[in-house]
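1. Fold the following, please.
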Amino acid sequence: MANEDILDLFIIGGGINGCGIARDAAGRGLRVGLAEMNDLASATSSASTKLFHGGLRYLEYFEVRLVREALIERETLLRAMPHISWPMRFVLPYHRDMRFEGETPISKLLNIFMPWMKGRRPAWLIRLGLFLYDHLGGRKILPGTTTVNLKQDPVGMPLQDRFEKAYEYSDCWIEDSRLVVLNARDAQARGAQIMTRTKVLSAERDGDLWKITLQDVASGREFTHHAKMLINAGGPWVEDVIRNTARINSSEGVRLVRGSHIVTRKLFDHDKCYFFQGEDGRIIFAIPYETDFTLIGTTDAEHDDPSTKPVCTEEESNYLLNFASQYFKQPVTKDDIVWTYSGVRPLYDDGATSATAATRDYVLKVNQDGGAPMLNVFGGKITTYRKLAEHALEKIVPFFPGTSGSWTAGVALPGGDFPVGGTDDLITKLKADYAFLDDFWAHRLIKAYGTLAAEVLGQAKSLEDMGQVFGASLTEREILWLMKNEYARTAQDVVWRRSKLGLRLTAEQIETLDIFMQANMAQDALQAATEQA
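-> Coordinates of the predicted model:
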């Protein structure tokens, strides 16, 4: 086997951890391959609450390192991807009946030293937590916490009259599945091989190498790769990869926690998010979503099997509806729901007594039993994906002497090479250059593609130049660009992961789109076969 055929790293998993590591490693000159059995971000990484946040509630578990790292990362990430992420203000209404979850370390301490509080979460403690939140990571872009009079401020209008005061603080929004795709694109541009819809059948140590047997899901064709190191970023399947794919004995495992969300009609007219605290100690968010909707979530429920598709159960949906209705003047009902989604968070199994209490921190473990090394990635959250990748490379580079150092901080992802807050200028210019765009269309393109929006539109001078129109501003030219540049293969890839236009398209329109994409791929396959013959 020629040395140039041997990869340095082979990564299993095309979620945010796998693609983040691939990008970092490829940028350091390592030869990288990545396989994802489905579409990129098809599991956990497209089913988040869509936030870059420090994790305010994690302070009650004394996870200060995790919170500080996440807080610092918010602004680093904002600068690298101002098209798909942006600052958001969070409104935390206060009332005296707010309670802790009984298992948090801080609640246990207060129960000992302030038993008369009877589990209530005092205002001074919330303000202290927000003070730490403002100062642990430093801020240059995001404004700090303020106090809001809900009787006077417009953010109080949708809320019940019993709420008089709130705290307002900063965190950030992120288009989670687009983040994954952009990391994969940048990794490929730096030399990585990104193989979607490619299943890893087995991985076995072959001397000082890994022999990885793969299968193209569409054709059934099997092939192999050899690599010096294996990276297991399987997300919910990380334990399955260890035990069944690589056949390694290990006591390390994950705790699968299902987080469900509902998307409703638009419940309020401003652009701020609500942070609601329940009398059971849990919290949920109510977030402006895709201009015309509101996103509410999330739940924390045990999930037994990664192969079982997570869905928002009726019980979870009712829980979120009832929770939100305790705050909004107008009760939120089933009739308000337009979509639900659910994802499985693969948390490191730290023995916590409940899903909510399980650590959100990531754990990286190197296994060298019997030869070539393997790095297993447990846990993690979107906000700290870049730091996770850097720490993963700290584990990896000792096996590859001479590898360059960290580089990703502040380096823009594709389309993100413009200043934070510069989207309005880009939208104005795009509309000037392409007069057939309306406000919605131009806004959507810039928020998705940033400075690459003009590349998507190409030389088009009119709507007719964009080809077939599938609805909600989605056209043939954009679809072909997504298939060529962003690994899209099905309508579901486009309308739920490359965008959220599934909220606006009918089932018939989505079916028409899928027929077009399948026909296009079949034509490309026939042309490739003809050229080879």
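2. Report the mean confidence score over the helix ranked longest in the chain.
-> Criterion DSSP state H: the longest helix present in the chain is helix 507-532. For helix 507-532, mean pLDDT is 90.
3. before we move on, what about stretch 343-357?
-> Mean pLDDT, stretch 343-357: 72.
4. What is the least confident helix or strand in the protein?
-> Within the chain, no helix or strand scores below helix 105-113, which has a mean of 64 by mean pLDDT, DSSP states H and E.
5. So for the helix or strand that that one is followed by, what gets flagged as buried?
-> Downstream of helix 105-113, the next assigned helix or strand under DSSP states H and E is helix 123-135. Along helix 123-135, these residues count as buried under the neighbour rule (16 or more other Cβ atoms under 10 Å): 125, 126, 129, 130, 132, 133, 134. Every residue, glycine included, has its C-beta placed from N, CA and C.
6. how much space between the residue nearest the centre of the chain and residue 314?
-> With distances taken as Cα atoms, centre = their mean, residue 176 lies nearest the centre of the chain, 3.3 Å away. Distance, residue 176 to residue 314, using Cβ to Cβ, to the nearest Å: 25 Å.
7. need the helices for this structure, in chain order.
-> Counting by DSSP H, the helices of the chain are 16-27, 64-80, 105-113, 123-135, 176-189, 238-240, 314-325, 385-396, 423-433, 439-449, 453-457, 476-485, 491-492, 507-532.
8. Out of those helices, flag the one nearest residue 378.
-> Closest approach to residue 378 among the helices of the chain (Cβ to Cβ): helix 238-240, 6.2 Å.
9. what's the closest one in contact with?
-> 13, 232, 234, 252, 253, 254, 306, 346, 376, 377, 378 (Cβ atoms under 8 Å, 6 or more residues apart in numbering).
10. Out of these, which comes closest to residue 495?
-> Residue 495 has its nearest neighbour among the contacts of helix 238-240 in residue 13, at 23.3 Å by Cβ to Cβ.
11. Might you report the residue contacts of that closest one?
-> Residue 13 makes contact with 34, 36, 232, 233, 234, 235, 237, 238, 377 under the criterion Cβ under 8 Å, 6+ apart.
12. Looking at strand pairing, list the partners for the third one.
-> For residue 232, the beta-bridge assignment (DSSP bridges) gives partners residue 12, residue 376.
13. Report pLDDT for it.
-> For residue 232, the model assigns a pLDDT of 97.
14. so how far is residue 256 from it?
-> Counting by Cβ to Cβ - residue 232 and residue 256 are separated by 16 Å.
15. Compare the two and say which one has the larger neighbour count.
-> Taking neighbours as other Cβ atoms under 10 Å, residue 232 and residue 256 compare with residue 232 leading, 29 against 25.
16. which ones are touching the residue nearest to residue 267 when sequence neighbours are not counted?
-> Once flanking residues are discounted, residue 267 sits nearest to residue 294: 4.3 Å by Cβ to Cβ, 6 or more residues apart in numbering. Residues counted as contacts of residue 294 (Cβ under 8 Å, 6+ apart) are 263, 264, 265, 266, 267, 268, 286, 287, 288.
17. so what's the fifth one up against?
-> Residue 267 makes contact with 158, 286, 294, 324, 328, 330, 332, 336 under the criterion Cβ under 8 Å, 6+ apart.
18. The fifth one bridge partners, please.
-> Applying DSSP bridges to residue 328 yields these beta-bridge partners: residue 159.
19. Tell me, what's the model's pLDDT at the residue lying closest to residue 334 once chain neighbours are set aside?
-> Excluding the flanking residues, the one nearest residue 334 by Cβ to Cβ, 6+ apart is residue 321, at 6.9 Å. Looking at residue 321, its pLDDT reads 98.
20. Please report how far residue 321 lies from residue 374.
-> Separation of residue 321 from residue 374 (Cβ to Cβ): 44 Å.
21. For these two, indicate the residue with more neighbours.
-> residue 374 (25 against 18).
22. shouldn't the more buried one be in contact with residue 233?
-> No - contact criterion Cβ atoms under 8 Å: residue 374 and residue 233 do not qualify, at 11.4 Å.
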